[in-house]
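Colleague: Kindly return the folded structure for what I paste below:
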Amino acid sequence: MIGGLAYLNKMQNQRIKEKQKDPFLRRILIVDDEPDVTLTFKVSLEGCHDNEKRRFEVSACNDPEVALSEFKPNFYDLLLTDIFMPKMNGLELYQRIVEIDPNIRVCFMSAAEVNIEALREVYPKVSFGCFIQKPITIDKLVKRLLAELD
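Modeller: As a prediction, this is how the structure comes out:
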């Protein structure tokens with residue numbers, strides 16, 4: 001059995017090797033309780049290539065608890081999560097994931113009106129630098145995600 005630190009080092013080395021093979025690849029984990037949203041975003045993002053030939057590899061999950069249990073440290077570049085979901089909201093999911101992988105970037109999204117200042121009071125350790133209001137066009141989504149990843 002591989003120890004915790006050895007496992008993390010192995011995963012980091014594997015990710016570095018994969019990035020060296022394809023430095024344009026960006027891995028994104030999408031978590032949203034709406035299957036239509038995750039499917040649309042996954043298919044659309046995987047079909048996108050920008051002028052610099054960057055591309056996305058997307059994993060999608062409709063249950064935040066499943067996403068957390070299957071999360072791989074040092075594998076994903078970005079977590080794109082809905083804020084309001086049953087069982088576990090996107091803010092709680094992010095807080096738990098960042099404990100596993102402190103380098104992951106995050107974009108929150110919601111179709112509901114969101115008071116970011118009120119959320120900052122409840123979740124003071126969460127960065128709300130990237131927030132996406134749904135609905136959003138795929139072009140705008142790609143631009144926003146690339147901006148967050150650069």
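Colleague: contacting residues around the residue nearest to Asp32 when sequence neighbours are not counted?
Modeller: Excluding the flanking residues, the one nearest Asp32 by C-beta to C-beta, 6 or more residues apart in numbering is Asp82, at 4.1 Å. Any C-beta I mention is one placed from the backbone N, CA and C, and that applies to glycine too. Going by C-beta atoms under 8 Å, 6 or more residues apart in numbering, Asp82 touches 31-34, 37, 90, 108-110.
Colleague: Is Asp82 bridged to anything, and to what?
Modeller: As for beta bridges, Asp82 partners with Met109 under DSSP bridges.
Colleague: ditto for Arg27
Modeller: Taking DSSP bridges as the rule, Arg27 bridges to Glu57.
Colleague: check contacts around it.
Modeller: Applying C-beta under 8 Å, 6+ apart to Arg27 gives the contacts 56-59, 75-78.
Colleague: repeat for Arg105
Modeller: Arg105 is in contact with 77-79, 130, 148-149, counting by C-beta under 8 Å, 6+ apart.
Colleague: And for Val37?
Modeller: Counting by C-beta under 8 Å, 6+ apart, Val37 touches 30, 82, 134.
Colleague: closest to Arg120 among the residues you listed?
Modeller: Closest to Arg120 out of the contacts of Val37 is Asp82 (18.1 Å), distances taken as C-beta to C-beta.
Colleague: Kindly give the local confidence score, pLDDT, for the closest one.
Modeller: For Asp82, the pLDDT comes out at 97.
Colleague: could you measure it against Met109, distance?
Modeller: Separation of Asp82 from Met109 (C-beta to C-beta, to the nearest Å): 6 Å.
Colleague: Helix, strand or coil: sort out the most centrally placed residue in the chain for me.
Modeller: In the chain, the centroid-proximal residue (C-alpha atoms, centre = their mean) is Leu79; its distance is 1.1 Å. Secondary structure state of Leu79, per DSSP: H, G, I helix; E, B strand; the rest coil, is strand.
Colleague: what about it, distance to Cys130?
Modeller: Leu79 is 10 Å from Cys130, by C-beta to C-beta.
Colleague: Identify the contacts common to the two.
Modeller: Listed as contacting both Leu79 and Cys130 by C-beta under 8 Å, 6+ apart are 105-107.
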